Structures are given as C-alpha cells and as structure tokens.
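1. build me a model from this:
(2 chains)
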Protein chains: 2
Amino acid sequence: MTILSDIEIANQVEMLPIKEVANKLGIPEDSLSLYGNYKAKINVSKLNDLEDTNRGKLILVTAITPTPAGEGKTTTSVGLVDALSKIDKKAAIALREPSLGPVFGVKGGAAGGGYAQVVPMEDINLHFTGDFHAIGAANNLLAAMLDNHIHQGNALGIDSRRITWKRVVDMNDRQLRHVVDGLQGRVNGVPREDGFDITVASEIMAVLCLANNITDLKEKLSQIIIGYSFEGKPVTAKDLKAEGVMTALLKEAIQPNIVQTLEHSPAFIHGGPFANIAHGCNSVLATKLALKYADYAVTEAGFGADLGAEKFVDIKCRLANLSPDAVVLVATIRALKMHGGMKKADLANESVDAVIKGLPNLEKHLSNIQEVYGMPVVVAINKFPTDTEAELEAVKKACQQRNVDVALSDVWANGGAGGVDLANKVIELTERQSNFSFVYEGTDSIEEKLTKIVQKVYGGKGVELAPVARKELAELEKLGFGEYPICMAKTQYSFSDDATLLGAPTDFTVKIRNLRVSAGAGFIVALTGAVMTMPGLPKSPAAERIDVDSEGNISGLF
Amino acid sequence: MTILSDIEIANQVEMLPIKEVANKLGIPEDSLSLYGNYKAKINVSKLNDLEDTNRGKLILVTAITPTPAGEGKTTTSVGLVDALSKIDKKAAIALREPSLGPVFGVKGGAAGGGYAQVVPMEDINLHFTGDFHAIGAANNLLAAMLDNHIHQGNALGIDSRRITWKRVVDMNDRQLRHVVDGLQGRVNGVPREDGFDITVASEIMAVLCLANNITDLKEKLSQIIIGYSFEGKPVTAKDLKAEGVMTALLKEAIQPNIVQTLEHSPAFIHGGPFANIAHGCNSVLATKLALKYADYAVTEAGFGADLGAEKFVDIKCRLANLSPDAVVLVATIRALKMHGGMKKADLANESVDAVIKGLPNLEKHLSNIQEVYGMPVVVAINKFPTDTEAELEAVKKACQQRNVDVALSDVWANGGAGGVDLANKVIELTERQSNFSFVYEGTDSIEEKLTKIVQKVYGGKGVELAPVARKELAELEKLGFGEYPICMAKTQYSFSDDATLLGAPTDFTVKIRNLRVSAGAGFIVALTGAVMTMPGLPKSPAAERIDVDSEGNISGLF
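-> Residues are numbered from 1 along each chain as shown, chains lettered A, B, ... in the order given. I've put the predicted structure just below:
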C-alpha cells in the first residue's frame, strides 16, 4: 500500500461548499462573508448574543509532556470531531491558524494529518483569510507611529532605550532578530537598537484571541505598553492615538473563519498566539461560536497539559468566562518510552518496561487535570504501527487504577471511524459533574500565583526570582498589574524549567528570570529562560522544494 | 449644500452583488472567487485565451505635468467609464490598487473621488484581497532565504556588501530606511547594512503587473537579481531556489480583482507598482481582461504623460503586445495657471494670461501623444468651481489650433452624467486610425534609448551620464541586458529632471546618476536623482484620526 502525503489525501476529497457546512450548524447565511467557495468569515456582530445559555459541551484536547515530534493533538482533535459527527452528534472544532513562517522551514503545516485534516489545507497554510497579515500591519503601524512620534519631537518623552514594542514579519528570519535602525541622518529617523519578532509572537495576536468583540478589542489594544518614558512611566498605544486605526485594520481579522474537516465537520480556525510568551489558544470568539452552534465543541491548547491546559484554564477560561466539560489527554507509546529513558533511535522496539517507567509523566498530568483543574478526563492513545498490545495494556492498567478510561485513536489512518471509541467515551465524560477550578486566584500576589503553578501543576518545590525579576515584580505591582493572571514561558519538554528532566520530576525549583506585562492581552509573562520569538530557516529550507505548476497546483508543501 | 466626504458618498450607494457586475460583462461565474459579496478574484486560467482577436478599444487616461495636488486622472477615468456605461456602451476600467502605507499618512485613499469612485472603498484602501500582503511575503521570503544562505555557509559566495534586494513593509516607516541587521553573534545571522522599502516599490510588484500567466510569473521571478557574488556575478532568485515558493505565495495575488464604480461599472483593480523606479501601471492581466470582455477598456498610467504614458507605451505595451486606441489627457485650469507662473495662493483668481502662459505644457504633451506615440487624443478638463469661461475658452482655442477636441469633465460632482461629452468624444477618437509607435527600439543601445526619450518626449538636448552610471551601463550591456526597455525615475513635476522647471522647458540636459536592472520585471531603471522608496509619516498622521465603532464602521479614513 502506498502511503499518501497529507496534501495528496487532502486533494482527493471533494469539499462541500462552506455555506452548506455552516448551514449544518444553523449559522445564518447572512452572517457569512465568503472567501471563495470553501472559506468564510462569520460576522459575529450579526449573531445573537454569544453568551447565551444554550451552550454545547466544551472539550479540551491536551497532551502529556511532548517529544520534539509532537504527540498528535491536532490530528486527534480533528479525528474526534469527525467521530462525533459520525455518530450523529452536532460537533464543531475550534483550532489555531498556522503561521506562514514555519511552513517554509522544517515542519510544514499545522492542519492535522493523514485522514484527520482540515481543508482547504493549502489556503489555511498560506495566506488563509489574511488575519496574520492584518495583525502584522496593525503591529507595524503602531511601531511606525511610535518612531514617527520620537522623530517629530517626542512630546511624550519616550526613552528609546526602553522601547519594548517590536516590529514583526510572518517569516522565519533570524537576520532581523537584532537590528539597529533609524540610521543615516536626521531625515531618516532616530538611531536605536531594535528587533523583529515573528507575527504570531505579537501581543496583538494574543489581544485578538482574547477579545470578546470589536469594542473590547479596541479597549485592549489601547492598553498595550510600547515602552517607557524618561520618567519611567509606561507609554501606551492610546498615548500614541493608535488604537482606532489598529482596530480598523483588524475589523475583518477579528471575525472567526469557518472551514471544514476532510469529513465535512465544521472547523473554526482563528488566531494563533505563541504558547510560551502568550497563552497558545485559538480565539475566544471561535470557541464561543463553536459552543453556541454545536452540542460538542472540541478545542485544543498548545504544548503539554502543564503549560497549555494551565493557560487555557487560568487565562482563557478566566478572562472569557468559559468552563470546560471534559478533557482528552493525548499520549503516544513512543513518548512514554522516551519519558521512561529510552533513546530516540530505539523507540520502534517494544519495551513494556520503558512504558511503565514513563507512566509517571502521564499520571502527573492526569492528577493535575482531575485534582487541580477539577475536570473529567479520558486518555487518547494516538496509535503508531510500532505500538504493541503489551505496551498498550500497561497504559490501560495504570489508567484503570486511577479510574480513567483509555481510548485508542486511529484517526490519522482512518479518519472519524478511527475515533468512535474516543468519541463515545468523551460523550460519557461530559455527562459527569465537573469541579472546574483555577490554579490560583486573581487576588493572589504575583509570587503566590507563580508558587501555586509550580507546586500544584509542575510538582516542584517553588520559584526562585532572579534579582531583576524581583525588581520587575515590584514595579508591576506598583503599576497596578498585580491581579493579572500569569503566562508561563517555560520549556514544553519538561514539567520543570530544565528540558532534560523527563518523566515527572520533583524536588526542583523554577527560576524566574524576568517578569513582563502584556497589558493589552491582560497577563504577566514569567520568563524562565531565553524564549525564541523569531525562528530561523534551516540549512535546507522546505521553501526550496515548494513549487506551483501552470494551473496553480502547489507541490512540495507537505 | 453640504459637501459630502468621499466615504459618505460611497456609503450612500447600494452596491450590486459583484456576481451581477461580472455577469454584465459575460465573465463566466465559475471563474469568480468571491471575497464577500462585493469583491472577487477572476481565475484567468479558467478563461479562454486572453489574446483573442475580439478585443475592445484600449483608452489610456494620462495628464499634463501634475501639480502636488494631482490633476484627477483616476477620478476622470472612473467618471469616463460610468459615462460610457450611461450611453449604453459595454465599458470597464482597469486601475492600480492603492498602497496601505500612504492611507495612514497625509493623503488618504486612491479610488477616485466625489461621485466618481470605486467601491467598496474601505476594503480597497485597507487590505482588499490581500495582494500587497502576498507580494510583501514573497519579497521577504526571498530576503530571508538570501540571508539564510549566507548564514549557512554562503556556497554561492554572495558579497554581503553588494546585496541589492531589500525587505519591504506596506507602511510609511522612515525608521527602516537604513538599518544594520544580523547583529548579536553567530546564531543571529551575519551583520550587514540593509534597508526596507515600501511594498509597492518591490520588484515583485512590477513583475506581477507584467506577467502574462503563472508560468511567466515564475520565469520572471527566477530572473530577479538579489545582489552580486565576490566575483561580481549576479545572483538570482533561481540560484536561491526561491522562484517556486514565491510563485506559490503569489498564486492568488496574480488573479485580477473585480469591483465596481459607484454607478456599477465593472472595475478591475489589480497591482500598483511605483511610477518612478517601476512602470506605474495596473497589471497586464487586468488590462487584458477589460479588453476581452468590454468594448471600451479605460486604464491609466502614473504621473504625467512624459513619464506615465511613455512607460505605458515603451514598457507595458511593448512587453504585453498592447496597442492603445485613444488617449485622454487630463488637465486642470489651476495646473495650467501654475505652469504659467501663478503662485499657489492665487490660483482661485481668474487669469487668462496665466492659462495662456501655461499652455505650452499642455501643447508639448499633445504633440508627444500625437507625433511621438502616434495616438489620437482628447483633452479632458477636470472642472473646478473657480474655473471661468474665459479661461476655459483659452484652452479650447489652443487645442482647436492643433485640431484636438476638448471636453469638460464634471464627474467629481455629477458622476457619469458629468462625463458624457468626454465619452462621446472618446468613442469618436477610437474610430480613427492610430499610428501607434514606440519612442525607441529594443535594439537601440541604452544611451540611444535614453537620448531618444529625452529629446523626443521631454524636449531636452540629451543625457549626461555620471561616471558611475557609465560604468554601470557597460556592465549591464556586458551582462546581456542591453535590449531591455528603459524605466525613467525622474521628477513628475517637470519635463526635465529639475522639479522647478515648469511649463515646457527646452535647452536642458537630463543627468543620469545610476543605471540599475530589474531583471525580473525586464527593464533598466535610469535614476536621475534620489528616489524615495520608503516614505515617512507626517507630524500629525491621518492614522491618529481613523477609528471604528462597535459595528465595524470606519470613520476618519477620508
């Protein structure tokens, strides 16, 4: 049997007109703005209140501590919604949009895989409906207005050594990480150190994903801090009179996009903030749309459950007043074996022993979800051909002891049909009582919040603030940001801040190097190490192999 | 009577669904890709041969030497197509897309004005269908691949001191004109001098506008020169294996956009290259679409007839095998008075004398159009309330002596009804014999071409090449670019290269400072002075006054 590539599978499927897909959910046709036949934006201001009580069940898909290959969260999420549709449930999925930059590097797209994909995949992975371009334009207009303000006399007294706002491009471009701009004389700006991030790292991306409507968007944008004055006062986008024009640039981008899975389930793909310096979830509006129109709304959060699910709970659910009904924890036998100490080269070999040694990672995530976040959970094992019965049995046994169901997910190879067992178990979970709760309270001090995350979720002893972080903490509290939730920027490869500590480490301390506020998005970012906000291209970038023929058919994309 | 702003007028009009507008021309519905109800892209690969013989008449709208306020070419063009529609002709217009950057500066949009506008004007002036974003992404991906190549070992031996390819943003951002990037150590690129242009100045914009189809686009992209090796050899996009992925990014952008005028005439708005370092015309594909489906295709070229019309003839028509049937030369009484020596502050006062003194500018343009380009021409006076009968009479009399008709255009105030006289005169012109010819032959040497443009079109004595330009000329001929047409980068405010020489100067020499090749677009740029390829924002940018309400209605845009 030939194994088809993702793009070959995607191209084999006849998509439904997106109008029909939206119609299945009962979304009014006059709220749709079509982008071709298979993509549309939904004008949420034309819909009735998104906060209505007739809500569906909210299902979060998260994962154990991932390995560099990823555990297949998106694939499992897409397969789950197709499985729910297959057993005649009204289901929809809400996912992040992929970034253009990484498509040209190593990885390829981010729209699921195999027979569990979202389509039209080429469009979704290239410009889609232009949301990221609009975010880039709004971000860079703010930067241009900022530097123009300084150039034209600097009435606000902005200290060019303390500017925190960077320009962005949706590109992996290490050359732009650190620059000096404004060179060559007085007509060409004011020389200063500067730098570029990739678009998804823009605070505007986080703002767009957390905004409840266009007024809320403008309010959040106005609060963005672009730097500090010579007197040390924060300077905001509002001080530069930039919030109105930025909102104008984003007025289409804030409207959620609807596309479809390979099996024609509705998919809201909207927003894609970083999962380290931001909260790593699709937009609040997309999630609320899915909840309003579907009985089962499946969504996911970036990285493993220590990072992604924690931020989903403490940032997104808190700020958007959401309450999840069930959690799917995705695991692979391969990843468990790595957590059990097996080398990457050996992962194809059976080793029940390694699986058992890796189980504490799974178990710590389960206990977090059940006891800290207070949510019912099912484990989904994303099936690989090398998995053996004995290995799978070891996982099931461990889960039984915690009274947790395990479902084998084969959606990559079989689409929705490969996820029916998982879907039934998820439905059963959503009937149970959820004791959803946050990890900390907003009124806790910043240090208490950090400590609770580390002790309750990560299993560590506590936090250690670097002297500069302690100074930043004092300043943030003085400026009135003390009640903001925390956004941890930590390695995704360990519960700790040390990527080499696999499994379920204890007895570690998390070192906080810096504390910064994203005043527009509404959270404090705790940096535990250097965070890459502008990737680079590899030696042989995927871009070199992408091509298009005379009919416009793209090849080499995946 | 209250005078409404452009956006107020635009918002009063009920647009037709764009499907109906396209249907009026007989464009097959399955070639349309809708972007909402009022914008669409046309998939030209689904159409029959665009080169077919059943062509409409091609009408070029150009202008006398402009004043800083502009003479109203776009407004006249839009009004003309509405007037043609009004007298039951099948007419369409092909125009450039406006750039996002200047919208936030001083000027506002570029979609006509008053009752002669193209709509939906907000969309057209903001992101439209994403073409400029796609061009920016393709441009910046090439830059990222270039710097990544150097960073990863520089197998091509690119000399980082001789890189000519710049990054772009669609923003007025002087701070980015001159930068040093690749700073802070070996993992962050290779330090070098660099800079950013505004997106419309990208050679990719010119390439897209001159491409006949997707294969031609890829071929042209592959020939773009990004810099030179240590041995002095040109390094191309093909050497970096970038042409395939760039074409993939542009596969939607190359499809022309269709929108409508306020009176529902079809408008193809596509591409918008600079009129100095590029040729300043909308895309070849949009012009050919208008010619294929309409009996009268109205288009325009940037700046005055010395620059815009010359490039339209010698670059666009030559490369795309087009042959215009008639020319409309737009003039204003105010501009003629300025050419006659009147001060800006006095322009509202009647002065037949100043008009008469300014007429040599009009007459020189008329003689160029008739005798150099060999095309029938009508003068359109774009009417202002301060114009007097006696002033208008002076213009008519001068034109009569050349056997040229004059039409008063009042389309700004009255839409198509204000342009019926002009429309009838244009139709009559298109029945005449055209003796269309180029200003020079491709086989002329570069210096011969430059000399012919200056002597025949500008009325000067000849050219004077700076020593460095002479060296560049030799190198370009050696590299095999000697037969490329010339793209003059010269002030638009004078026939000469001195912006202060109004009227119809003679006895001047044009000094060529540099000669550069745009090898992808297929022309040699002759620089006569410093050309601004990245504007800046003014002290009080329009951006500060743009806002959007909770329903998404934009204000302050115009």
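2. leaving out sequence neighbours, find the closest residue to the residue in the stretch 401-550 of chain A positioned nearest to chain B.
-> Taking Cβ to the nearest Cβ, chain B has its nearest neighbour within the stretch 401-550 of chain A at residue A:547, 3.4 Å off. C-beta here means a position set from N, CA and C on the backbone, and glycine is covered the same way. When the adjacent residues along the chain are set aside, residue A:547 lies closest to residue B:244, with 3.4 Å between them (Cβ to Cβ, 6 or more residues apart in numbering or on different chains).
3. again, but for residue A:278
-> In space, residue A:278 is closest to residue A:206, 4.2 Å off (Cβ to Cβ, 6+ apart).
4. so that neighbour touches residue A:276, yeah?
-> No. Applying Cβ atoms under 8 Å as the test, residue A:206 and residue A:276 come out as separate, 11.5 Å apart.
5. ok, these two, which is more surrounded?
-> residue A:206 (28 against 25; other Cβ atoms under 10 Å in any protein chain shown).
6. name the element that one belongs to?
-> Using DSSP states H and E, residue A:206 sits within helix A:203-210.
7. and that helix, how far out from the chain's middle?
-> 11 Å (Cα atoms, centre = their mean, to the nearest Å).
8. with stretch A:35-47 instead?
-> 22 Å.
9. okay, now the unreliable bits of chain A?
-> A:1, A:48, A:51-54, A:107-110, A:558 (pLDDT under 70).
10. contact partners of the helix or strand in which residue A:285 is found?
-> Element membership of residue A:285 [criterion: DSSP H and E] is helix A:284-293. Contacts with helix A:284-293, where a contact means Cβ atoms under 8 Å, 6 or more residues apart in numbering or on different chains, come from A:25-27, A:42, A:44, A:47, A:50-52, A:54-56, A:58, A:90, A:92-94, A:209-213, A:254-257, A:266, A:268-271, A:281, A:297-299, A:316, A:319-320, A:322.
11. for PyMOL, what selects the buried ones among these?
-> Buried residues among the contacts of helix A:284-293 (16 or more other Cβ atoms under 10 Å in any protein chain shown), as a PyMOL selection:
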select buried, chain A and resi 25+27+42+44+47+50+55+56+58+90+92+93+94+209+210+211+212+213+254+255+256+257+266+268+269+270+271+281+297+298+299+316+319+320+322
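12. ok, and of the contacts of helix A:284-293, which contact chain B?
-> The subset of the contacts of helix A:284-293 within reach of chain B, by Cβ under 8 Å from any Cβ of the partner chain, is residue A:213.
13. of the contacts of helix A:284-293, which belong to strands?
-> A:42, A:58, A:92, A:93, A:94, A:257, A:266, A:268, A:269, A:297, A:298, A:299 (DSSP state E).
14. my guess is the first one meets residue A:254, correct?
-> Going back to what we said before, that points to residue A:42. No. With contact defined as Cβ under 8 Å, residue A:42 does not count as touching residue A:254 (10.7 Å).
15. residue A:469 in helix, strand or coil?
-> helix (DSSP: H, G, I helix; E, B strand; the rest coil).
16. for it, give me its contacts.
-> Here residue A:469 is in contact with A:512, A:513, A:514, A:515, A:526 (Cβ under 8 Å, 6+ apart).
17. just the buried residues of the residues you listed.
-> Among the contacts of residue A:469, those classed as buried by neighbour count (16+ other Cβ under 10 Å) are A:512, A:513, A:514, A:515, A:526.
18. can I get those in TSV including distance to chain B and secondary structure?
-> Supplementary listing: the buried ones among the contacts of residue A:469 in TSV, determined by distance: Cβ to the nearest Cβ, whole Å; DSSP: H, G, I helix; E, B strand; the rest coil:
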residue	distance to chain B	secondary structure
A:512	23	strand
A:513	18	coil
A:514	17	strand
A:515	23	strand
A:526	24	strand
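19. does residue A:473 touch residue A:463 like I think?
-> No. Using Cβ under 8 Å, residue A:473 is not in contact with residue A:463; the gap is 10.7 Å.
20. and residue A:406, what is it in contact with?
-> Counting by Cβ under 8 Å, 6+ apart, residue A:406 has contacts A:378, A:379, A:380, A:381, A:395, A:396, A:399.
21. number of residues surrounding the second one?
-> Neighbour count of residue A:379, defined by other Cβ under 10 Å: 26.
22. one more: the one 3 residues further on?
-> By the measure other Cβ under 10 Å, the count of residues near residue A:382 is 25.
23. that one contacts residue A:418, correct?
-> No. Using Cβ under 8 Å as the test, residue A:382 is too far from residue A:418 to be in contact (10.1 Å).
24. overlap in contacts of the two?
-> A:409, A:412.
25. ranges for the helices of the stretch 51-200 of chain A?
-> A:73-86, A:100-103, A:121-125, A:131-151 (DSSP state H, counting those that start in this stretch).
26. ugh, wrong one, I meant the stretch 451-558 of chain A
-> A:467-478.
27. how about the residues of it near chain B?
-> A:536-537, A:539, A:541, A:543-552, A:554, A:556-557.
28. quick one, which of those are buried?
-> A:536, A:537, A:541, A:543, A:544, A:546, A:547, A:548, A:552, A:554, A:556, A:557.
29. is it true that the fourth one touches residue B:141?
-> Yes. Between residue A:543 and residue B:141 a contact is recorded at 6.4 Å, counting by Cβ under 8 Å.
30. so what sits against both of the two?
-> A:104, B:242, B:245.
31. using CSV, lay out the contacts of residue A:406 together with secondary structure and distance to chain B.
-> Output for the contacts of residue A:406, formatted as CSV (DSSP: H, G, I helix; E, B strand; the rest coil; distance: Cβ to the nearest Cβ, whole Å):
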residue, secondary structure, distance to chain B
A:378, strand, 40
A:379, strand, 39
A:380, strand, 34
A:381, strand, 36
A:395, helix, 39
A:396, helix, 44
A:399, helix, 42
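32. neighbour-wise, which of those leads?
-> residue A:380 (30 neighbours).
33. tell me the contacts of that one?
-> So residue A:380 contacts A:61, A:76, A:80, A:328, A:329, A:330, A:331, A:406, A:407, A:408, A:409, A:422 (Cβ under 8 Å, 6+ apart).
34. distance from the chain centre to the strand or helix carrying the fifth one, please.
-> Counting by DSSP H and E, the element that carries residue A:329 is strand A:326-331. For strand A:326-331, the distance from its own C-alpha centre to the chain's C-alpha centre is 16 Å (Cα atoms, centre = their mean).
35. now do that strand against strand A:296-300: the angle between them, please.
-> 40 degrees (axes from the mean of the first three to the mean of the last three Cα atoms, to 10 degrees).
36. sheet partners, orientation included, of strand A:326-331?
-> strand A:57-63 (parallel), strand A:377-382 (parallel) (DSSP bridges).
37. residue boundaries of the strands in the stretch 451-558 of chain A?
-> With DSSP state E, counting those that start in this stretch applied, the stretch 451-558 of chain A shows strands at A:462-465, A:486-489, A:509-512, A:514-518, A:523-527, A:547-548, A:554-555, listed in chain order.
38. is it true that residue A:207 touches residue A:221?
-> Yes. Contact criterion Cβ under 8 Å: residue A:207 and residue A:221 qualify, at 6.0 Å.
39. name the residues contacting each of those two.
-> What both residue A:207 and residue A:221 touch, as defined by Cβ under 8 Å, 6+ apart, is the set residue A:520.
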